[in-house]
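1. sequence and computational prediction follow.
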Amino acid sequence: MHPKEPMEFINRILAATTGLSSLTLIGGVAAPKLAAHVAPSNDPRHTNSMSSVRLPACLLSAALLTLTAQAPSPLRSFNRFVPLPDSGDHSAALSIGDVNGDGHPDLILSTGRHWESPIHLYLGDGTGAFQPAGDIGSGGYASYGVPLIDLNGDGILDLAVGTDAGGPKPIFFGDGKGHFNPAGSFGESTMPSRNIAVGDLNGDGSPDIAIANRGRQSYVYLNDGHGAFPRGIAYGGPRDSNVTVAIADMDHDGHADLVIARRDGQQSLVLLNDGHAAFVTARSFGPPDADTRALAVGDLNGDGFPDIVACHLGLGTFLYLNDGHGNFRQSTKIAGAEDGFYSLAIVDMNRDGKRDLVGGNTARPNAVFFNLSDGSAFQRVEFGEGGPELATYGLAIADLNGDGFPDIAVARSGAPSGIFFSTPPGARKPAEPTAAPAPAPATFSITIQPATGPLPARRPLPGTIDIRAADLRTIVAEAWNVEPYRVTGDALKADPTPYNVLLLPGKADRATAIAALQQAVSATFHIAVARESRPAQALVLKPPTAAHPAIAAHTGGPTGTNLVTRAGVTLRNDTLAEFAGLLQEAYNRPVIDETKLAGKYDLKFNWEGLTAESLANELQRQLGIPTAIETRPIEMLVVTKR
């Protein structure tokens, strides 16, 4: 299929994911303008869906889509998971579209969230298999949104990248053969953008960009018709905590509106468009002081008007029904406070003509809520595992293996990203690969008390771990022999009190020791400690060799100080072990010092565009120490507030 004739491909995905068999074009919009696109928390009929096909904003009106009723179909399962190669474990966004013109869906994955990492391209063969096809752009991007859509009107899918503060927000033009070329940027690099949606907001037939900034003014950027975005229009207030933006015609006037999820005790809003990308009329929905992370837009009760599903963290997930004029009333409570959905999508998952809800969860398994009638009752089917650090930040949904049913691609942090394939009801879950036997749990007793007075001498008992005058963070790392370690939340960071800890072998199992630790510090904190073991990418500093000897590079001047900023890190007279700790904190990625060097060094790094690979090269250049990127199983502790 030629890339300039994507209609057949789009209709295939529409039929599989939404129950829509065709598009009705009005207003003289030509087929080459259409693009299959996916983005966070949206509806297949509109331009902002991380769960389905994204269409140009000129097709936003509900009248533009013809719903073809399907025969009743049983619920589906999503038991078969296939990870994407080299996906990392802190992804937040992905999208689906045919980028090389072969008629098969391909996949774009941003492997970074708050941390700069590459954007991967995976080419699909139509059977559900995806092969890595290189990275897009140079360096890394901290991105929550990578929508695919035709931005310059040539009928070929392009890419917009919404990034967190600290990096540019680039545009890449596709060539229709699976390659993307830099084509400028939009917005300001200092904007902490948490979401991006694309659609025609001023009625000129070209897709515009809306970004949601958390704690800073948010903007719409208008397309000049050639894929450049020179003009920004502010919406909302300068202190709005916007985290998700969706585009849809919410009041049935033919103009695309904005639907905004807001966090940090703010109420979520629908901002109505006057037709010229001015959003002066606001309609609120949800609690007035909510912490809303995700939303999706779509018609769930079959009246032809787009409704809203929103997850208010700690309160629940609710359906807000549209009266056809952009007013919303709370209807069904779909899920309780125990679910914390970071991504939502509305798609017909079993092809029965009724749209369903897909939720990407945190800590708990993800779920499909099958719509049993008119949005008043849903049946939950879970998929994927849950874990204390596992969160599904992004959803992209389409028929990826050609069986006629939509599959679910996930962008996850805390686990690899990949695809959950739709399977018939009752299909057996594939056998898990045989894992190496877990090591026997350590046994020890634990004594912990504030450090006061002179420190007693260490007791040289075999197997004893004696930690003196250490903070809780250090205690947790050393007590469970975890290096490196990961700490979530501020429970271990807030208490500067030094503690003495004595661990004796053979007296208690690990769970008892954990309970003792919790009890000992409960006057200050309530913490829960859980252990997990999974592969993690590690930056390993290799020992020096004869060919690459280390050089003591300290040049005098201030000693014992270091300066850490977002832009760079400067170390003066510091050890490599201290530097490794800073790197690990900055990259949220394990850093292992295998050099065993006791010397102190002066080091200076600029974070802008710095990847793990270039960091390794820079270390080798400055210190003459060979470095390597390795993937190895690392035992981690996850510590969170209870």
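-> Here it is on my side, so go on. None of these values were measured; they are calculated from a predicted model.
2. please make it C-alpha for all contacts and neighbour counts, starting now.
-> Will do.
3. ok, and the helix or strand in the chain with the lowest average confidence?
-> When each helix and strand of the chain is scored by mean pLDDT, DSSP states H and E, strand 20-23 comes last, with a mean of 27.
4. for the record, mean pLDDT for stretch 141-154?
-> Throughout stretch 141-154, pLDDT has a mean value of 94.
5. for the remainder of this discussion, apply numbering that starts at 56.
-> Let's use 56 as the start, then, which means that last one is stretch 196-209.
6. end to end, how far does that stretch reach?
-> 26 Å (C-alpha to C-alpha, to the nearest Å).
7. buried residues in it?
-> Neighbour-count burial for stretch 196-209 flags 196-209 (criterion: 16 or more other C-alpha atoms under 10 Å).
8. backbone dihedrals for the closest residue to P461 other than its chain neighbours, please?
-> Closest residue in space to P461, ignoring its immediate chain neighbours: D454 at 4.1 Å, by C-alpha to C-alpha, 6 or more residues apart in numbering. Here is the backbone geometry of D454 (degrees, to the nearest 10): phi -70, psi 110.
9. neighbours of D454, how many?
-> Applying other C-alpha atoms under 10 Å, we find 26 residues neighbouring D454.
10. go on, V413?
-> Neighbours of V413 under the rule other C-alpha under 10 Å: 28.
11. repeat for D657
-> Neighbours of D657 using other C-alpha under 10 Å come to 20.
12. surely it is in contact with D629?
-> Yes - using C-alpha atoms under 8 Å, D657 makes contact with D629 at a distance of 6.9 Å.
13. now do the nearest residue to T336 once chain neighbours are set aside, the pLDDT please.
-> Counting by C-alpha to C-alpha, 6+ apart, L327 is the residue found nearest to T336 once chain neighbours are left out, at 5.3 Å. pLDDT recorded at L327 is 97.
14. what's the distance between L327 and Q321?
-> Going from L327 to Q321 by C-alpha to C-alpha gives 18 Å.
15. just the element for the residue nearest to E243 when sequence neighbours are not counted, please.
-> Once flanking residues are discounted, E243 sits nearest to P223: 6.9 Å by C-alpha to C-alpha, 6+ apart. P223 belongs to no helix or strand when assigned by DSSP states H and E.
16. can you check the one 5 residues further on too?
-> Taking DSSP H and E as the definition, F228 sits inside strand 225-229.
17. can you map out the helices along the protein?
-> With helices called from DSSP state H, the chain shows them at 62-72, 527-534, 565-576, 631-642, 667-678.
18. D255 touches A311, doesn't it?
-> Yes - under the criterion of C-alpha under 8 Å, D255 makes contact with A311 at 7.0 Å.
19. where does the prediction get shaky in the stretch 456-605 of the chain?
-> For the stretch 456-605 of the chain, applying pLDDT under 70 flags the ranges 481-552, 554-594, 601-605.
20. mind doing that once more with 90?
-> Residue ranges of the stretch 456-605 of the chain with pLDDT under 90: 468-471, 479-605.
21. quick check: the nearest residue to Y196 once chain neighbours are set aside vs A466, distance?
-> Distance criterion C-alpha to C-alpha, 6+ apart; nearest residue to Y196, sequence neighbours excluded, is E171 at 4.3 Å. Distance, E171 to A466, by C-alpha to C-alpha: 15 Å.
22. burial count for A390?
-> A390: 19 neighbours (other C-alpha under 10 Å).
23. likewise for H380?
-> Per other C-alpha under 10 Å, the neighbour tally for H380 reads 12.
24. let me see the contact set for the closest residue to it other than its chain neighbours.
-> Using C-alpha to C-alpha, 6+ apart and skipping the chain neighbours, the partner closest in space to H380 is D306 (4.2 Å). Contacts for D306 (C-alpha atoms under 8 Å, 6 or more residues apart in numbering) come out as L327, G379, H380, G381, N382.
25. scan those and report the most crowded one.
-> L327 (24 neighbours).
26. make sure that residue is actually in contact with I315.
-> No - look at L327 against I315 with C-alpha under 8 Å: they stay out of range, at 11.0 Å.
27. for the nearest residue to Q272 once chain neighbours are set aside, what are its contacts?
-> Nearest non-adjacent residue to Q272, counting by C-alpha to C-alpha, 6+ apart: P293, 4.0 Å away. Counting by C-alpha under 8 Å, 6+ apart, P293 touches G270, R271, Q272, S273.
28. then G330?
-> G330 is in contact with L256, N257, G258, H310, A311, counting by C-alpha under 8 Å, 6+ apart.
29. switch to 7 Å and redo it
-> G330 sits next to N257, G258, H310 when contact means C-alpha atoms under 7 Å, 6 or more residues apart in numbering.
30. tell me the phi and psi of it?
-> When read as degrees, to the nearest 10, the backbone of G330 gives phi 100, psi -10.
31. just to revisit the earlier point, helices and strands around the strand holding F228, which ones?
-> Applying 3 or more C-alpha pairs under 7 Å, 6 or more residues apart in numbering; DSSP states H and E, one finds that strand 225-229 contacts strand 213-215, strand 235-240.
32. hmm, who's touching the last one?
-> Strand 235-240 is touched from outside by I191, G192, P223, K224, P225, I226, F227, F228, G229, with contacts defined as C-alpha under 7 Å, 6+ apart.
33. repeat that for the first one.
-> The contact list for strand 213-215 (C-alpha under 7 Å, 6+ apart) reads V201, P202, L203, I204, D205, L206, P225, I226, F227, F228, G229.
34. tally of neighbours for A188?
-> The number of residues packed around A188, counting by other C-alpha under 10 Å, is 13.
35. what residues are up against it?
-> Per C-alpha under 7 Å, 6+ apart, neighbours of A188: L176, Y177, L178.
36. return the subset of these lying in strands.
-> Counted as lying in strands by DSSP state E, out of those, are L176, Y177, L178.
37. how many other residues sit next to the second one?
-> Which is Y177. 22.
38. I figured it hits A184, correct?
-> No - between Y177 and A184 there is no contact under C-alpha atoms under 7 Å: 9.2 Å.
39. in space, what's closest to S198 - neighbours in sequence excluded?
-> In space, and not counting its chain neighbours, S198 is closest to T218: 4.2 Å by C-alpha to C-alpha, 6+ apart.
40. what does D295 give?
-> Excluding the flanking residues, the one nearest D295 by C-alpha to C-alpha, 6+ apart is G270, at 5.4 Å.
41. and G414, by the same measure?
-> Per C-alpha to C-alpha, 6+ apart, closest to G414 is L399, 4.6 Å.
42. tell me how far that neighbour lies from L350.
-> Note on L399: its distance to L350, by C-alpha to C-alpha, is 6 Å.
43. now for Q322: which residues touch it?
-> So, once contact is read as C-alpha under 7 Å, 6+ apart, Q322 ends up touching S339, F340, G341, P342, P343, D344, A345.
44. circling back: surely the residue nearest to Y196 touches T218?
-> No - E171 sits out of contact with T218 when judged by C-alpha under 7 Å, with a separation of 9.2 Å.
45. between these two, which contacts overlap?
-> Common neighbours of E171 and T218, counting by C-alpha under 7 Å, 6+ apart, are Y196, A197.
46. quick one, which of those two is more surrounded?
-> T218 (32 against 25).
47. was I right to think that one contacts Y196?
-> Yes - the pair T218 / Y196 is scored as a contact, 6.5 Å apart, by C-alpha under 7 Å.
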